[in-house]
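*Asks:* how would this look folded up:
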Amino acid sequence: MIALILGSLFEKSAIMAEYKHQEIEKKWQKFWKENKTFSAKVDHSKPKFYALDMFPYPSGAGLHVGHPLGYIATDIVSRFKRLNGFNVLHPMGFDAFGLPAEQYAIQTGQHPAVTTEKNITRYKEQLENIGFSYDWDKEVRTSDPSFYKWTQWIFKQLYNSWYNNTSDKAEKIDLLVEAFEKNGNSEINAACDEDTPSFTADEWKGFDEKKKEEILLKYRLTYIAETTVNWCPALGTVLSNDEVKDGFSERGGHPVERKKMPQWSMRITAYAERLLNDLDTVDWPEPIKEMQRNWIGKSLGAEVSFQVENTANTIKVFTTRIDTIYGVTFMVVAPESEMVEWLTTPDQKEAVDAYVTKAKNRSERERMSDVKTVSGMFTGSYAINPFNEEKIPVYIADYVLAGYGTGAVMAVPSGDQRDFDFAKHFDLNIRPIIEGTDVSEQADPTKEGIMMNSEILDGLSPADATLKAIEFVEEKGIGSAKVNYKIRDAIFGRQRYWGEPFPVYFENGIPRLLEDDKLPLELPSVDKFLPTEDGEPPLGRAENWSTDVGHPYEMTTMPGWAGSSWYFFRYMDAGNDKEFASEEALKYWQDVDLYLGGSEHATGHLLYSRFWTKFLYDLGHVGVKEYAKKLINQGMIQGRSSIVSRINGTNKFVSKNLAKDYEVNKLHVDVSLVENDILDIEKFKQWRPDLADAEFILEDGQFVCEAEVEKMSKRLHNVVNPDDIVEKYGADTLRMYEMFLGPLEQFKPWNTHGIDGVSKFLRKFWNLFHASEEFKISDDKASADELKVLHKAINKISEDVDNLSLNTSVSHFMITVNELITLKCNKREILEPLTIILSPFAPHVCEEIWTKLGHTESISYAQYPEFKSEYVVEASHEYPISINGKMRTKMSFALDMPAADIEKQVLASEVVQKWTEGKTPKKVIIVPKRIVNIVV
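*Replies:* Here you go, the predicted model:
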């Protein structure tokens, strides 16, 4: 498709006026910067539009050509919206706290702030080279104390709040304390820890301060508690579930173990239902919504207590299938559950302890996804099924998680495959409980049929059996109906240096908050960026890391998602040092109209940011429940690797189509040494010392490389630097070519084969305005054909930008220019509006043309031309003329021409007379606006 469009566009050669892209692009980038062309201020006379890209982490590698894909798309939309009269906020910033800078600091001793500043400077240079219409005055950096002052402030609001289930929103903790003083907590319906004790008002008043604070921590929306975490010894920090893959850290591939540590957490579980329901109110990709629904994991069921034989203890389970309770033949408890200690009998202790040690080093994600491995250990204890008094063995197994439900399950092997596999492995009973099911080879999880082997539930459908079973446990006082969520409270602390300090100090072990006037609490200097010798986080190395009176500060730092959970509000009023954003700015800009970023953030940033937004809404700090109306996940531009074949045991390389005759090994070569798959041999020899004396077997005098589409990475030497493309072809060419590669949301390979065509297209556009080197434009009236070409483009581009079909926009621009060249059009009436509609895609060349057309203001604030449908209404139709069913020619006729006149002209045609050989047709069939068929 690309080749066809480019080929048709450049069949006609023409002498082109020289377009000096380097000179022109630098000129306009300087102009935009000096004149603050894209500065966004509150302007109630205009509708607002807020376009945002997920801000990047500034890595040392800088940008490659894949990174700007989404940035270019939002920039096109932003420029388009400005042309349509919108007041556009289009900012950029940097997610500047991160583990890579800290790891580099550990290796080199260079402070992460120095590394980060250097990387940001490089990123900004690259972004500015591409001509983005950012309001750089609103730049934010999460590592800047003026920014994280407000991250700390939001943390304080969370700490001083609780979630009232009755009002279904967060409220100030003072209101909870007032309720405790009046009535204790008997009437409080709150999101809180499961082990929260009951107490009266008198008991509350009798508690000492430490006891009161311990109780309040069980209600606060951010709290410190003993938690099972993913601990990575090599990185010296706790990782979130989405940072762990198959038992190893996503960054660096280091082993991760599960262990208990005191940790700061966020009570995101309080918002589970709202996070779930409000997905229906936003225009986000369905796969993202589904990932969040699954992560939240709402399930309806019942909680039931099983008495442990010969003890006063019970095992409480949550089940969505209480109708299957007569099929329970064993129970399973999570290895990290606190119940394991008292369930384990002395004779099983050694075996259980060994299993627990092994299981704790597997991540929750790995344990859930690994359905093939069956393992477990008998605790030595038995529980009693409250429905039939049957004694059932209690095991521990790593397919049960402590964090989901109660950390224990009633196992029904006839209805659950993992339970079935476990029962088969340990030779446990498998009892069918639904008529007609065959559970000899596998479990049958059906919810249809009639219950059997189920005593009081026999003869009922599963749905009716569920209701009766819940009624039974509620009557006996051993359970109740319950809604459960898979989502867990989010770990919020990290044992590392390069992150936001907590605005917290400890007084007699009680956490206290710094006053607002003490914010920001800035990162201190440390001698090393490693944990201390006794295992404390790196902040433990700081001198006097305490308040003026000696109370120690919290030594962990906030996670990477802290700043990204609210940064979109800061852009609205980035320079404000009195509040995170003014009421006026928040009310005007409200929310993000278009948000672009990767789908890999589905259950991380994209979930946590929704949580913080809802919290800020509850307290009246923002006016929206969701911060992004529309989300687009751009696809990835993949690398196109170049690969050479080296004959085994030699330093001789053989060209692609000759390699089959040799035993070879493959070597990835830097793509900068290859053009159109042809290797630059001299540059290749200079690339690495070991290649200096390389020999080559050529085909047709050239060395042809193999090509493979892979992820763009330095390891594969297939990274293409956008600076190189901008230098050679220009930023406008890069912008249009990235859009031209394919639909925004799809993955596509980077291929420079077509980029020269896009560059030529822009020079063709430039040439429309020039005769040789002279700028020449006509004020003659446009013809109907010229107006038709223009207005088809106006309509097409407008529709495409609204639908983010930006690849087809580029194609249509090419067709439009081709048609105007054919019409020899150089008329202002046509070319001036064409320049406006092209300007979001190729802003530099359009700014230059706009100035040459006599305008003194930036084209950025021109008015998008109005589409007039009357110019594209077809006045005639081209009919295929068939003779005895075979098309022989085409003829155009006015749409209102009578059929008799069409027939007369067709039969008079020389071509028709030739094929009818002078014979009188038996019949002439005319289908209006379709075809003419002559039967001879």
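*Asks:* point out where this protein drops to low pLDDT.
*Replies:* 1-16, 240-242, 361, 363-371 (pLDDT under 70).
*Asks:* please enumerate the strands of the stretch 451-600 of the chain.
*Replies:* Secondary structure of the stretch 451-600 of the chain by DSSP state E, counting those that start in this stretch: the strands cover 479-485, 490-491, 504-507, 510-513, 594-596.
*Asks:* which residues touch I491?
*Replies:* When contacts are counted by Cβ atoms under 8 Å, 6 or more residues apart in numbering, I491 is found next to T227, V229, V238, S240, Q263, W264, S265, P559. For the C-beta atoms, the positions are set from N, CA and C on the backbone; glycine is no exception.
*Asks:* let's have the residues you listed in JSON lines, adding distance to N385.
*Replies:* Output for the contacts of I491, formatted as JSON lines (distance: Cβ to Cβ, whole Å):
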{"residue": "T227", "distance to N385": "32"}
{"residue": "V229", "distance to N385": "34"}
{"residue": "V238", "distance to N385": "39"}
{"residue": "S240", "distance to N385": "38"}
{"residue": "Q263", "distance to N385": "36"}
{"residue": "W264", "distance to N385": "40"}
{"residue": "S265", "distance to N385": "35"}
{"residue": "P559", "distance to N385": "43"}
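*Asks:* need those residues in JSON lines with neighbour count and secondary structure, can you?
*Replies:* Formatted as JSON lines, these follow (neighbours: other Cβ atoms under 10 Å; DSSP: H, G, I helix; E, B strand; the rest coil):
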{"residue": "T227", "neighbour count": "19", "secondary structure": "strand"}
{"residue": "V229", "neighbour count": "23", "secondary structure": "strand"}
{"residue": "V238", "neighbour count": "25", "secondary structure": "strand"}
{"residue": "S240", "neighbour count": "19", "secondary structure": "coil"}
{"residue": "Q263", "neighbour count": "20", "secondary structure": "strand"}
{"residue": "W264", "neighbour count": "25", "secondary structure": "strand"}
{"residue": "S265", "neighbour count": "20", "secondary structure": "strand"}
{"residue": "P559", "neighbour count": "27", "secondary structure": "coil"}
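*Asks:* before we move on, the earlier item: which of the strands of the stretch 451-600 of the chain is buried the deepest?
*Replies:* Burial of the strands of the stretch 451-600 of the chain is given as mean neighbour count (mean count of other Cβ atoms under 10 Å); strand 594-596 ranks first at a mean of 24.
*Asks:* A862 touches W850, doesn't it?
*Replies:* Yes - counting by Cβ atoms under 8 Å, A862 touches W850, with 7.3 Å between them.
*Asks:* shared neighbours of the two, anything?
*Replies:* With Cβ under 8 Å, 6+ apart as the test, A862 and W850 both reach S839.
*Asks:* these two: who's more crowded?
*Replies:* W850 (22 against 19; other Cβ atoms under 10 Å).
*Asks:* assess the claim that G405 and I315 are in contact.
*Replies:* No - contact criterion Cβ under 8 Å: G405 and I315 do not qualify, at 11.5 Å.
*Asks:* check which helix or strand covers L907.
*Replies:* helix 899-908 (DSSP states H and E).
*Asks:* contacting residues around that helix?
*Replies:* Identification of contacts with helix 899-908 by Cβ under 8 Å, 6+ apart yields Y879, I881, M891, F893, V912, Q913, P921, V924, I926, P928, V932, I934.
*Asks:* inside strands: which ones of those?
*Replies:* Judged by DSSP state E, those include Y879, I881, M891, F893, V924, I926, V932, I934 as members of strands.
*Asks:* most surrounded residue in those residues?
*Replies:* Each of those was scored for neighbours by other Cβ under 10 Å, and V932 scores highest at 25 neighbours.
*Asks:* ok, it - contacts?
*Replies:* Residues in contact with V932, defined by Cβ under 8 Å, 6+ apart, are Y879, P880, I881, S882, M891, I902, E903, V906, V924, I925, I926.
*Asks:* closest one of those to D202?
*Replies:* Nearest to D202 among the contacts of V932 is P880, at 95.5 Å by Cβ to Cβ.
*Asks:* if that closest one is in a bridge, with which residues?
*Replies:* Note on P880: beta-bridge partners by DSSP bridges are K890.
*Asks:* can you show me the strands along the stretch 201-350 of the chain?
*Replies:* 222-232, 237-239, 244-245, 248-249, 257-266, 298-308, 314-319, 330-333.
*Asks:* of all those strands, which lies closest to T733?
*Replies:* strand 244-245 (38.2 Å).
*Asks:* and the closest one, what does it pack onto?
*Replies:* helix 364-369 (3 or more Cβ pairs under 8 Å, 6 or more residues apart in numbering; DSSP states H and E).
*Asks:* report the angle between the helix or strand that the helix it packs on is followed by and strand 314-319.
*Replies:* Heading C-terminal from helix 364-369, the first helix or strand you meet, by DSSP H and E, is strand 377-384. Inter-element angle recorded for strand 377-384 and strand 314-319: 90 degrees (by axes from the mean of the first three to the mean of the last three Cα atoms, to 10 degrees).
*Asks:* pull up the pairing partners for strand 377-384, direction included.
*Replies:* Strand 377-384 has these strand partners (DSSP bridges): strand 298-308 (antiparallel), strand 391-396 (antiparallel).
*Asks:* for the ones you listed, give me a markdown table that also has distance to W150 and mean neighbour count.
*Replies:* Shown next, in a markdown table, are the strands paired with strand 377-384 (distance: least, Cβ to Cβ, whole Å; neighbours: other Cβ atoms under 10 Å):
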| stretch | distance to W150 | mean neighbour count |
| --- | --- | --- |
| strand 298-308 | 32 | 19 |
| strand 391-396 | 45 | 20 |
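*Asks:* so which of the contacts of V932 is the closest to G253?
*Replies:* Nearest member of the contacts of V932 to G253, counting by Cβ to Cβ, is P880, at 63.6 Å.
*Asks:* is it correct that the closest one is in contact with S892?
*Replies:* No - judged on Cβ under 8 Å, P880 makes no contact with S892 at a distance of 11.1 Å.
*Asks:* show me which of those two is the more surrounded one.
*Replies:* Neighbours were counted for P880 and for S892 using other Cβ under 10 Å; P880 has more, 13 against 10.
*Asks:* run through the strands of the stretch 651-800 of the chain in chain order.
*Replies:* Remark: strands assigned in the stretch 651-800 of the chain by DSSP E, counting those that start in this stretch are 652-654, 664-669, 674-675, 678-679, 695-697, 706-710, 748-749, 770-771, 774-775.
*Asks:* now these as CSV including mean neighbour count and distance to V177?
*Replies:* Formatted as CSV, those follow (neighbours: other Cβ atoms under 10 Å; distance: least, Cβ to Cβ, whole Å):
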stretch, mean neighbour count, distance to V177
strand 652-654, 20, 77
strand 664-669, 16, 64
strand 674-675, 19, 69
strand 678-679, 18, 74
strand 695-697, 13, 80
strand 706-710, 16, 59
strand 748-749, 18, 58
strand 770-771, 16, 76
strand 774-775, 10, 75
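*Asks:* indicate which one of those is closest to V873.
*Replies:* With respect to V873, and counting by Cβ to Cβ, the nearest of these is strand 770-771 at 32.6 Å.
*Asks:* list the strands paired with the closest one, with their directions.
*Replies:* Strand 770-771 is paired, per DSSP bridges, with strand 774-775 (antiparallel).
*Asks:* so which elements touch the longest helix along the chain?
*Replies:* Determined from DSSP state H, the single longest helix within the chain is helix 784-803. Counting contacts by 3+ Cβ pairs under 8 Å, 6+ apart, helix 784-803 packs against helix 68-83, helix 806-822, helix 828-838.
*Asks:* in it, what's buried?
*Replies:* If you call a residue buried by 16 or more other Cβ atoms under 10 Å, then helix 784-803 has these buried ones: 786-798, 800-801.
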